[in-house]
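**Q** Sequence first, predicted model second:
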There are 2 protein chains.
Amino acid sequence: MTDTSPLPPVIVLVRPQLGENIGKAARAMLNFGLTEMRLVSPRDGWPNPDAGPAAAGADFILDKAQVYETLADAVADCAHVYATTVRKRGVTKPVVTPEEAAQEIHAAQGRCAYVFGPERSGLETEDVALARKILTVPINPEFGSLNLAQAVILCAYEWSKQANLAQPTVTELGEPAPQEELEGMILQLNTLLEKVGYFFPPDRAPATKLTLRNLLTKPGWNHLEVRTLRGVLSHLNRPRER
Amino acid sequence: MTDTSPLPPVIVLVRPQLGENIGKAARAMLNFGLTEMRLVSPRDGWPNPDAGPAAAGADFILDKAQVYETLADAVADCAHVYATTVRKRGVTKPVVTPEEAAQEIHAAQGRCAYVFGPERSGLETEDVALARKILTVPINPEFGSLNLAQAVILCAYEWSKQANLAQPTVTELGEPAPQEELEGMILQLNTLLEKVGYFFPPDRAPATKLTLRNLLTKPGWNHLEVRTLRGVLSHLNRPRER
């Protein structure tokens, strides 16, 4: 492989239900050369005795899988987060295919993550809101039930296909800021806006915060840009009339 | 669909072992719009009670699956037969990827077949000998154990990609807001920041404003997003301590 990006993407399973499916996902990952799995609040805890047998030899991926409380924690170091969904939600984010995502990931600077939801229900709107983009497999519209390991394998397969592509063009935009920097900025803005009574009526606050989050994760600002914006927010927080 | 071949390809499972895997293969087929399955001497006979539950709704594919004694019978009406193998055998035939096979199938005249071997051992040399070409998934050479349903789904996925079966829904991001809306927002922010003494020292103000402008024109926010941000700025401009 002549992949030039620093590290292969991580696979994040959000609230996975069955250990067997976690194992199968690990096997699918390894089939196409991905080895870093992260788990967000697996339903039955971790480790899970059902995972190993299903991994069919990809056990080392399970052994080194990291567990997180929240998706935000799990992707804190990732610059490009792809939320996989089958159906479209009411979220305005760019939608890409596995192939397009793979192309972007190979051209990207910074760590990338593919995020998969629980087997039964898929990702929640709040999970999707954390992502830069939505990844949707172009599937038979009459039969869209894709199981977890199969969704994983299609993404990993496309990533692997692109792994021996030509050198990606180097952009001089600076690496996109990792998710935790963005989170810091969003928290700062929300705090500020609470103080000035922006979130009114209160029961609309979650939806409004979601709108802001979607809007602010869209640009892919780099570290310096996020720092600049945080400087702006700090100033706006200062007392007036000096 | 822009598929020009008369009928979609058939999926032939040669001596499949577990009913569950036959069911999963059916599900994987239907995910990408393939519906004709043929079985060659399934180990446990046919029908198999374990297949239906694993098909997860793709049962009708199992119901109409045809059973044959030999692979030769199963592909008798097919003009283009692709034998899927993981490792290369001592057979001199052209080897194609799932993507190349899909391209050929869409361009082909006559019926095409993807042939898959038993779960444990794969196709025998005699089976491969019947095929026009060998289809090999470009897999991690250190971990080539691809399960049956996953081999099927990758082939069906590539076929479907070429068929334009289902594109992900067009993103509803809205057109980027016209420049004058952005200008209005930038002016509003600058005014606000002047009031709180952000531009200091004053001779750095033009450069700082340029930085902010670059940063704010990067996302390509749409009309609604700009309006939201202007609402945010208006609130930040309000007196505190109400």
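**A** Good, I have the coordinates. Since the structure is predicted, the reported quantities are computational estimates derived from the model, not experimental observations.
**Q** Could you check the pLDDT of the closest residue to A:L30 other than its chain neighbours?
**A** Using Cβ to Cβ, 6 or more residues apart in numbering or on different chains and skipping the chain neighbours, the partner closest in space to A:L30 is A:A58 (4.0 Å). From N, CA and C alone the C-beta is placed, and that goes for glycine too. The predicted local distance difference test score for A:A58 is 95.
**Q** quick one: A:A58 and A:A25 touch, right?
**A** No - applying Cβ atoms under 8 Å, one finds A:A58 not in contact with A:A25, separated by 9.1 Å.
**Q** out of those two, which sits in the more crowded spot?
**A** It is A:A25, of A:A58 and A:A25, that has more neighbours when counted by other Cβ atoms under 10 Å in any protein chain shown, with 32 against 26.
**Q** so is that one in a helix, a strand, or just coil?
**A** Secondary structure, DSSP: H, G, I helix; E, B strand; the rest coil: A:A25 is helix.
**Q** For B:M29, see how far away A:L189 is.
**A** If you measure A:L189 against B:M29 using Cβ to Cβ, to the nearest Å, the figure is 48 Å.
**Q** out of these two, which sits in the more crowded spot?
**A** When neighbours are counted by other Cβ under 10 Å, A:L189 and B:M29 differ, and B:M29 comes out ahead with 29 against 23.
**Q** pretty sure that one contacts B:T35?
**A** Yes - between B:M29 and B:T35 there is a contact at 6.6 Å, judged by Cβ under 8 Å.
**Q** ok now stretch A:21-40, how far from the chain's centre?
**A** 15 Å (Cα atoms, centre = their mean, to the nearest Å).
**Q** Report how far apart the opening and closing residues of it are.
**A** End-to-end distance of stretch A:21-40: 14 Å, with Cα to Cα, to the nearest Å as the criterion.
**Q** which stretches of chain A form helices?
**A** In chain A, helices defined by DSSP state H lie at A:19-31, A:51-55, A:59-63, A:71-74, A:98-107, A:125-129, A:148-162, A:179-195, A:205-217, A:223-236, listed in chain order.
**Q** close to chain B, is the third one?
**A** No - shown here: helix A:59-63 not in contact with chain B (Cβ under 8 Å from any Cβ of the partner chain), separated by at least 10.0 Å.
**Q** Check the longest one too.
**A** Yes - taking Cβ under 8 Å from any Cβ as the criterion, helix A:179-195 and chain B are in contact, through A:189, A:192-193, A:195.
**Q** now for that helix, which elements pack on it?
**A** Taking 3 or more Cβ pairs under 8 Å, 6 or more residues apart in numbering or on different chains; DSSP states H and E as the contact definition, the neighbouring helices and strands of helix A:179-195 are helix A:71-74, helix A:205-217, helix A:223-236, helix B:223-236.
**Q** how about that helix: buried residues?
**A** Within helix A:179-195, the residues scored as buried using 16 or more other Cβ atoms under 10 Å in any protein chain shown are A:179, A:181-183, A:185-186, A:188-190, A:192-193.
**Q** before we move on, the earlier item: so what sits against both of B:M29 and B:T35?
**A** A shared contact of B:M29 and B:T35, defined by Cβ atoms under 8 Å, 6 or more residues apart in numbering or on different chains, is any residue touching both; here these are B:I61.
**Q** Can you name the residues that contact the spatially most central residue of chain A?
**A** Nearest to the centroid of the C-alpha atoms of chain A, with distances taken as Cα atoms, centre = their mean, sits A:V81, at 3.2 Å. Shown here is A:V81, whose contacts under the criterion Cβ under 8 Å, 6+ apart are A:75, A:112-113, A:115, A:130-133, A:179.
**Q** Can you flag which of these belong to strands?
**A** When strands are assigned by DSSP state E, the members of the contacts of A:V81 inside them are A:112-113, A:115, A:133.
**Q** Could I get the residues you listed in JSON lines, plus columns for distance to chain B, neighbour count and pLDDT?
**A** JSON lines is the format used below for the ones in strands among the contacts of A:V81 (distance: Cβ to the nearest Cβ, whole Å; neighbours: other Cβ atoms under 10 Å in any protein chain shown; pLDDT from 0 to 100):
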{"residue": "A:C112", "distance to chain B": "19", "neighbour count": "25", "pLDDT": "94"}
{"residue": "A:A113", "distance to chain B": "19", "neighbour count": "25", "pLDDT": "96"}
{"residue": "A:V115", "distance to chain B": "16", "neighbour count": "26", "pLDDT": "97"}
{"residue": "A:K133", "distance to chain B": "9", "neighbour count": "21", "pLDDT": "91"}
